[in-house]
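Chemist: predicted model, plus sequence, below.
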Amino acid sequence: MRVSAMPNVNSTHVTKKFLISETSRRELSRQWYRFKKRPIAVIGFFIVLVFIVIAFVAPLIAPYDPYVTDFKNMLAKPSSAHLLGTDELGRDILSRILYGSRISLVIGLAAVGIAMLIGVPLGLIAGYYGGKLDNLIMRVMDILMAFPSILLAIVVVSILGPGLQNTIIAVSVFSVASFARLARGEVLNIKNQEFIEASRALGAGDGWIIYWHILPNTISPLIVWTTLNVSSAILTAAGLGFLGLGAQPPLPEWGAMLAKGREYLLIAPHITTFTGLAILLLALGLNLLGDGLRDILDPRLKE
Amino acid sequence: MLKYALRRLGWLIPLLVIVSVLVFSIIYLMPGDPAVIIAGEGATNEDIENVRHSLGLDKPIYEQYLIWVSRAMRGDFGRSIRTGRPVATEISFRFANTMRLSIVSIVIAAIIGLAAGIVSATRRYSLADNVVMALAMIGISITPFYLGLMLMLFFSVKLGWFPLMGFTTLSSMILPAITLGARPMAMIARMTRSSMLEIMGQDYILAARAQGLPERLVIFKYALRNALNTVITVVGLQFGSLLGGAVITETVFAWPGIGRLAVESIRARDFPVLQASILVIAASFVVINLIVDLTYALVNPRIRYS
Amino acid sequence: MNDLLSIRGLCVEYHVFEGIVRAVNNLNLGISEGESLGLVGETGAGKTSTALSILKLLPKPAGRIAKGSVIFKGRNLLSTPDVELRHIRGRQISMIFQNPMTSLNPVFTIGEQIAAVIKQHQHLDKKMSINRAREMLELVGIPAFRASEYPHQLSGGMRQRVGIAIALSCRPELLIADEPTTALDVTIQAQVLALMNELKEHFKMSLIMITHNLGVVAEMCESVAVMYAGDIVEKGSVSAVFAHPFHPYTKGLFGSLPDLTSKVSRLKPVDGIMPNPLYLPCGCAFHPRCKSAMPVCKKEKPSTIRLSDDHTVSCFLASENEGGAGVESTFCER
């Protein structure tokens, strides 16, 4: 009897779809319940949502143009005219913070996106095929991880030069290694389970197995990891900005704003205070969301 | 266990070699010709060529690398372009400062983090638990520069409790140590908590209670001992990242540490200092991580005997 | 005469996402000195919950003892504060757990774990505790020199022996064994059971043996109680119940055993499955699966009828003959 791949492929396909629709509704409602039960996660979600919305509509809601200077109003304390005060060139802080959210979110999402696109496939391949290939890829990751993340970012930026694009690249370098490690770990967990063997016995090829079985199982930890990585990417980028190595002025990048505010810390603390608060809130929101997602999606956690 | 240790050590040397090659090549990837910079403004081409020759920059790259490595092994990292002083002295001074700060930070972080994590795990859902977790969340979301500046603003400027400058006295270390230790403290607290929670749901803890052992013994001996493996790993890894990641904190508090030295040398294109400082940071990071891994294997009887 | 341990009206619930799980419903059970009782039932019948309740070890905060009392030597354990309960756990009442892989602490040696219990209850110093621990190991058939080994270095059967050693180290009066051999393979099962029998005789303990295996009950126990959906449906001496099973569920359990002597083409399991403890049926919990169900079974819960000196059953089929009244069902939600 000849066993051809096609009919078997269809049957696993159908089974999977059936299994998904049957259990997913109940699973989703259970997960939604768990999500609601953790008000912290919901708060995180809304904070992130608020920032994303702000990033989109900044031009509409910002009271002033963030680049316009006003030398009659330098370092003004918060007032009704300028809700959060002005900086050393008279620019409105609130507007700069609102516009700055775009920069930070773009850097965070882009850096992590790149890292994921490169890191996850590498990790999947390393874990799945094992052997020499695994060794090689992991050694390379080891090298990347031999440097503390901030230092790595600083080095990359100093090679490539400062600026928004290079910041994105610099921040993503470290994340690539951590995504690869994560993906590889997940693959190793699943690879040896019996349903993979069963699948192979039905005639499924490597690509199929990776795509249909391994990948869906890695999505949960991946979502969590991504959220948390975006948070640390934003913090690292702000760090670079603080050191003057990130997006250059007059772009209203939060880290650079904080560095400038430091010079006037004693006479105009509001610059530093409010900008830093913005960074803190965004990172906090992302971390709360990531934590909440981890609690929900981890099937091993009991109620 | 021995096999495991040997395997890890075996990879250590090649890793360090590759790292040193990368560090060395940084200066060639960076914009800026060292000879030009050293020769200074208004130097003629002849001056520049003289400088290049005297520094050995006209030799082929691999030869330069070998010279650099062989000198480095003997502790000679050349002289700083900026100050003209021997790099090795500067580095050891700065490294010692960073180590001092890092050790104080991690000790504070470990003690408070561990205690907080245990409290949180044993009084789940209580007010203490929520407060600890909230603070921990803030701890991992805050950047050292914001925390540092706010602490400075509040405690040094407004309250005058701690000095703004200086690096020798104990009181000058407090604020930077808290700033540097905030993130590790938060991570340790969270890790301790989740580890303890997982362990306390295990059968052997139920069995221990069924054996009539008092709760204090169950938590601090039976449960904690299992959690320590994970916690120690976290503490160790956090310590490793403190060394290089202290860059920002050192900048905020003008702490004369090695991270700040690295950044300054990048800005000033002071290549010898740059190479040496990054090499030292990376090498110590790798070594600490290795020690952490081996300690974990040692402490966990399962790996020890397998 | 049930003098050692007496459970009255025990109700255990678990509060979960979907609602309230009623694991144990109005359970009455007693055991006297030196008696060995087999507690039989399918998975999910509530056996483990009952056992944990005796020592107030239900998982918090989900598990709650809603009602009932557990009288041990004249004292209600359920109203005893934990501080005092500690003196009873491990010393007067001990427990052995099902999974030997996970019920020993992986980071301490087996000697240390036994010694810790001895030290706690008998207040001996460290050296003496370790010596006693070694004695216990020899007693359960493990060479004393292995006291310095870690659990993962031992096989499943040996780990379970260590569990037994820990449980018996302070000479308890009652031993609760929760499916102690389920996780072991058959040959090891036989050894461990033989060991338990021997020790039971040696120490003159009472034993509650929780199992779903009727063979184990036959070998180890004098009396048996059959549990279904959180309550006991039939109880009595092993000889009485095994010879004349009355309740349809009990009959079904015995009927599903393969008979080596007759030629049978198919096994006869009990039809249907255990009800979802979130939504227990009204009346008798077994009625949806019962072939002899009567109209009254759907509405009321049967009370306990005495069939003979050492045999009781909860079934309307018995009260039909006796003319007893049933009990209003309390959990009807439909």
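Modeler: Good, I have the coordinates.

Chemist: contacts and neighbour counts: CA atoms only from here.
Modeler: Fine.

Chemist: all helices of the stretch 201-306 of chain B, in order?
Modeler: B:203-210, B:215-217, B:224-245, B:247-253, B:258-267, B:271-299, B:301-305 (DSSP state H, counting those that start in this stretch).

Chemist: for the ones you listed, give me TSV that also has mean neighbour count.
Modeler: Listed next are the helices of the stretch 201-306 of chain B as TSV, based on neighbours: other CA atoms under 10 Å in any protein chain shown:
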stretch	mean neighbour count
helix B:203-210	22
helix B:215-217	13
helix B:224-245	22
helix B:247-253	24
helix B:258-267	22
helix B:271-299	21
helix B:301-305	15
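
Chemist: mind putting these into CSV with distance to chain C and mean pLDDT?
Modeler: CSV is the format used below for those (distance: least, CA to the nearest CA, whole Å; pLDDT from 0 to 100):
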stretch, distance to chain C, mean pLDDT
helix B:203-210, 4, 92
helix B:215-217, 9, 88
helix B:224-245, 6, 83
helix B:247-253, 39, 87
helix B:258-267, 39, 84
helix B:271-299, 9, 82
helix B:301-305, 7, 52
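
Chemist: residues near residue A:57, how many?
Modeler: 14 (other CA atoms under 10 Å in any protein chain shown).

Chemist: buried ones in the helix or strand hosting it?
Modeler: Secondary-structure element containing residue A:57, defined by DSSP states H and E: helix A:39-61. Using 16 or more other CA atoms under 10 Å in any protein chain shown as the test for burial, helix A:39-61 gives A:40-45, A:47-48, A:51-52, A:54-55, A:58.

Chemist: ok, residues contacting that helix?
Modeler: A:35-36, A:95, A:98-99, A:101-102, A:105, A:281-282, A:284-293 (CA atoms under 8 Å, 6 or more residues apart in numbering or on different chains).

Chemist: ok, of those, which come out buried?
Modeler: So, by 16+ other CA under 10 Å, the buried ones in these are A:35, A:95, A:98-99, A:101-102, A:105, A:281-282, A:284-293.

Chemist: can you give me phi and psi for residue 286?
Modeler: Using chain A. Note on residue A:286: its backbone torsions stand at phi -60, psi -40 [degrees, to the nearest 10].

Chemist: not quite, I wanted chain C
Modeler: In terms of degrees, to the nearest 10, the main-chain angles of residue C:286 are phi -90, psi -10.

Chemist: next one: it from chain B, what distance?
Modeler: 32 Å (CA to the nearest CA, to the nearest Å).

Chemist: now do residue A:226
Modeler: Counting by CA to the nearest CA, the separation of residue A:226 from chain B is 15 Å.

Chemist: tell me the mean pLDDT over stretch C:97-105?
Modeler: Averaged over stretch C:97-105, pLDDT sits at 89.

Chemist: oh sorry, the question was meant for stretch C:140-148
Modeler: Stretch C:140-148 comes out at a mean pLDDT of 90.

Chemist: contact partners of that stretch?
Modeler: Stretch C:140-148 is contacted from outside by C:109-112, C:133-135, C:137-138, C:158, C:161-162, C:164-165, C:195, using CA under 8 Å, 6+ apart.

Chemist: re earlier: show me the buried ones among the contacts of helix A:39-61 that map onto strands.
Modeler: Among these, none falls in strands (DSSP state E).

Chemist: what's the pLDDT at the residue of the stretch 151-300 of chain C found nearest chain A?
Modeler: Closest approach between the stretch 151-300 of chain C and chain A, counting by CA to the nearest CA: residue C:278, at 16.3 Å. Note for residue C:278: predicted pLDDT of 76.

Chemist: for it, give me its contacts.
Modeler: Neighbouring residues of residue C:278 by CA under 8 Å, 6+ apart: C:18-22.

Chemist: buried subset of these as a ChimeraX selection?
Modeler: The ChimeraX command for the buried members of the contacts of residue C:278 (criterion: 16+ other CA under 10 Å) is given here:
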select /C:21,22
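
Chemist: between the contacts of residue C:278, which sits nearest residue B:275?
Modeler: residue C:18 (61.4 Å; CA to CA).

Chemist: sorry, back to before: what about dumping the CA coordinates of the helix holding residue A:57 to PDB?
Modeler: Extracted C-alpha coordinates of helix A:39-61, given in PDB (Å, rounded to 0.1, in the frame of the first residue of the first chain):
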ATOM      1  CA  PRO A  39      -7.100  44.400  36.700                       C
ATOM      2  CA  ILE A  40      -3.400  45.100  36.500                       C
ATOM      3  CA  ALA A  41      -3.100  43.500  33.100                       C
ATOM      4  CA  VAL A  42      -6.100  45.500  31.900                       C
ATOM      5  CA  ILE A  43      -4.600  48.700  33.200                       C
ATOM      6  CA  GLY A  44      -1.400  47.900  31.300                       C
ATOM      7  CA  PHE A  45      -3.400  47.200  28.200                       C
ATOM      8  CA  PHE A  46      -5.100  50.600  28.400                       C
ATOM      9  CA  ILE A  47      -1.900  52.500  29.100                       C
ATOM     10  CA  VAL A  48      -0.400  51.000  26.000                       C
ATOM     11  CA  LEU A  49      -3.500  51.700  24.000                       C
ATOM     12  CA  VAL A  50      -3.500  55.300  25.100                       C
ATOM     13  CA  PHE A  51       0.100  55.800  24.100                       C
ATOM     14  CA  ILE A  52      -0.500  54.200  20.700                       C
ATOM     15  CA  VAL A  53      -3.400  56.500  20.100                       C
ATOM     16  CA  ILE A  54      -1.400  59.500  21.200                       C
ATOM     17  CA  ALA A  55       1.300  58.500  18.800                       C
ATOM     18  CA  PHE A  56      -1.200  58.500  16.000                       C
ATOM     19  CA  VAL A  57      -3.100  61.700  16.800                       C
ATOM     20  CA  ALA A  58      -0.300  63.700  18.300                       C
ATOM     21  CA  PRO A  59      -0.600  66.400  15.600                       C
ATOM     22  CA  LEU A  60      -4.200  66.800  16.400                       C
ATOM     23  CA  ILE A  61      -4.000  67.100  20.200                       C
END
